[in-house]
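Chemist: build me a structure from this.
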Amino acid sequence: MVATASSEEQFVLESISTCRFAQRVALIQNEATLNEEEDPDVVISRLRRRVEELEQEVCLLKCSEESTEMNSEQIDSEGA
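Modeler: Residues are numbered from 1 along each chain as shown. Here you go, the predicted structure:
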């Protein structure tokens, strides 16, 4: 920020106000981040891979549940 102050008596209050404002502005801290644009095709392919991974995980969990249910049914029928 650039602050301009005048040494003339009629602008003293305005100059003091400007200096106070400049002092407050100097205390502001910014963290700049780079905005990167990703290629939409790359994002889509990454998301498709993730969907496939999740579908495989769901399938494994469902297969695991079914085999557990089948095992408990076999145990129940053998115990009867």
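Chemist: over to residue 43. Which of the three states is it?
Modeler: helix (DSSP: H, G, I helix; E, B strand; the rest coil).
Chemist: and what of residue 54?
Modeler: Under three-state DSSP, residue 54 comes out as helix.
Chemist: count the neighbours of it for me.
Modeler: Residue 54: 10 surrounding residues under other Cβ atoms under 10 Å. Every C-beta, even on glycine, is put in place using the N, C-alpha and C of the backbone.
Chemist: ok, residues contacting the host helix or strand of residue 12?
Modeler: Using DSSP states H and E, residue 12 falls within helix 12-26. Here helix 12-26 makes contact (Cβ atoms under 8 Å, 6 or more residues apart in numbering) with 1, 3-7.
Chemist: any idea how many residues pack against residue 5?
Modeler: Neighbours of residue 5 under the rule other Cβ under 10 Å: 14.
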